[in-house]
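Chemist: mind folding the following:
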Amino acid sequence: MTVRRCAAALAAATAVLGGAAPAAFADGTPSPAAVPPGLYGTKDPQYDGVFRQSLAFLAQEKANVKPAEQAVTWLTGQQCADGSFMSFRADTAKACDATKLDTNATSAAVQALVAVGGHTDAVKKGITWLKSVQQDDGGWPYTPGMGGSDANSTGIVIGALAAAGEKPAEVKSAKGGKSPFDALLTFALPCEDPSGAGAFAFQPDPKTQKLYANADATAAAVTGSLGKGLTATAGQADGKGTACEKATTPEQAAHNGAAYLAKTLAPTGFLKSALPGATDQPDFGNTADAVVALAADGMAQQAKASADWLSKNATAWAKENGPAAYAQLIFAADATGADPKNFGGTNLIQSLNATGPAPQAAPSSAPAAESKDKEEKNDGISVWWFVGVCLVAGIGVGFLISGRKKNQQL
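Modeler: As a prediction, the model looks like this:
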C-alpha cells in the first residue's frame, strides 16, 4: 500500500499543479513526530499513524485478537469533529487541518472500528463525512478538494460503506446521482486496449484523459467493484477464466481486472515495483493486495500461487516494515486459506501483536509482547506533506509526476 497511497497523493498534486511537483519543503524532510503510547509501530506516525493502526486492528480481528484498550482509545481520539480522520494528529486538542483530511485513513479507520465493535457513533460520523465529500462522478479523491476521484480511494471508501452496513450502490452524488460503482467503471480500460485490457487506471491522464493500466489501482478497484473491503474473503469461483468481456456492470469490471492481475502475476508470482530503476524488483505490498483481489473475485488458483510466493519471500519485508505489512500478509493468507500463524515459518499474528501494546486477548501461541518492530512509513497525509515524503524517501511514484503518458503496467 506504500505505492498506492503515494500514488494517490502525487496524482492529486499533479492534477492541481498541472504536472509540477510542489516546492513545499525547504530542506526536503518533514519534521519528525514522536510515537505516542498505544500506537502500533515505532516509526514516525505523521504520515500513516491512523492507517497502520487500522490495518493492525483489522488483521487482529481475523485471529479473534482484541486490541488493547489503550490502542483503541488512541484511534478513536484521532477522529476529527466532523467525523473525518487525518493521517495523524499530534495534538488532538487542536482542530483538524482541513487540507489534511484523508479519505483513505477515514475509510480504514471506519472499517477497523466496525471490526473492534462498540463504536457506532464514531462509525456513523465517519460515514457521514465520507458521503459529504463524494464527488459528482460518484467517487472520491485522496484529499477532498485536491484533484479528481481515483480508483484507489473510491475502492477503499466502498469497503468502509459496506462495513458500516451501507449499500454502496445507493450512495449517490448530490449532483448527477452517480454511485461509487459508476465512478470505478470510468477507470476501467476496455478489452481492446493492447497495453492493459481489463485493467483499471488510477485516474485518467489529467491532460489527455487517456487511461493507463495500473496493477495496484486494479487490485483496489476489483475489491471495490465487488463491494468488499480491505479484508475481503474468497468469493465464488470465477469460471470465466482470464478472458476479457465488455464491462457494463461492476461485477464484469471486477472480473476483467482480476483477469489482468492473474496474467500479470503468472510469470513470476509477484507484481514488479513501480520505483524508478527497480522494475525487476518485487512489490510485496501490492502483490498482497492483488492476492486479496483475486481471491475475492474467485480466481483461487493464481491467488494461492502468489500467496505461496509471498510466504516464501515476504516475511523479511514485513519484519522491516511492521504492522501494516504484517496486516497485508495476514489478509492475503486469510483470503487464500493459508495459516497466518505459520506463513513461511512466521507467525504473522504474533509478530503483528509484538509491534504494539499487548492485546486484551490473543491466540495461545502469541506472548503478550510489548516490544516493537520496525514498521511501514507509508500511509496517509494530506497531499502536499505526503508528496514530500514520497519524493524525499524515494518511495517511487515519480512516473505520476512525469506524466501518465507512459504505460504504467506493473
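Chemist: where does the stretch 251-400 of the chain have low pLDDT?
Modeler: Along the stretch 251-400 of the chain, segments meeting pLDDT under 70 span 361-400.
Chemist: for it, what spans make up the helices?
Modeler: Taking DSSP state H, counting those that start in this stretch to define them, one finds helices in the stretch 251-400 of the chain at 284-297, 300-313, 315-321, 323-336, 348-353, 383-393, 398-401.
Chemist: nearest to V65, out of these?
Modeler: In terms of C-beta to C-beta, the element of these nearest to V65 is helix 348-353, at 6.6 Å. From N, CA and C alone the C-beta is placed, and that goes for glycine too.
Chemist: just put the helices of the stretch 251-400 of the chain in JSON lines and tack on mean neighbour count.
Modeler: Formatted as JSON lines, the helices of the stretch 251-400 of the chain follow (neighbours: other C-beta atoms under 10 Å):
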{"stretch": "helix 284-297", "mean neighbour count": "29"}
{"stretch": "helix 300-313", "mean neighbour count": "20"}
{"stretch": "helix 315-321", "mean neighbour count": "19"}
{"stretch": "helix 323-336", "mean neighbour count": "28"}
{"stretch": "helix 348-353", "mean neighbour count": "26"}
{"stretch": "helix 383-393", "mean neighbour count": "22"}
{"stretch": "helix 398-401", "mean neighbour count": "20"}
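Chemist: against W140, how distant is the residue nearest to A188 when sequence neighbours are not counted?
Modeler: Spatial nearest neighbour of A188, excluding adjacent residues (C-beta to C-beta, 6 or more residues apart in numbering): A253 at 4.7 Å. From A253 across to W140, the span is 17 Å (C-beta to C-beta, to the nearest Å).
Chemist: repeat that for Q328.
Modeler: From Q328 to W140 the distance is 21 Å (C-beta to C-beta).
Chemist: so what's the residue lying closest to V291 once chain neighbours are set aside up against?
Modeler: Nearest residue to V291, sequence neighbours excluded (C-beta to C-beta, 6+ apart): A332, at 4.1 Å. Contacts for A332 (C-beta atoms under 8 Å, 6 or more residues apart in numbering) come out as 288, 291-292, 306-307, 310, 338.
Chemist: those into a markdown table, with extra columns for distance to K94?
Modeler: Formatted as a markdown table, those follow (distance: C-beta to C-beta, whole Å):
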| residue | distance to K94 |
| --- | --- |
| A288 | 35 |
| V291 | 40 |
| V292 | 36 |
| S306 | 43 |
| A307 | 43 |
| L310 | 40 |
| A338 | 43 |
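Chemist: state the distance from A221 to D308.
Modeler: A221 is 25 Å from D308, where distance means C-beta to C-beta.
Chemist: kindly report the same for P168.
Modeler: In terms of C-beta to C-beta, P168 sits 32 Å off from D308.
Chemist: ditto for A258
Modeler: Relative to D308, A258 is positioned 18 Å away (C-beta to C-beta).
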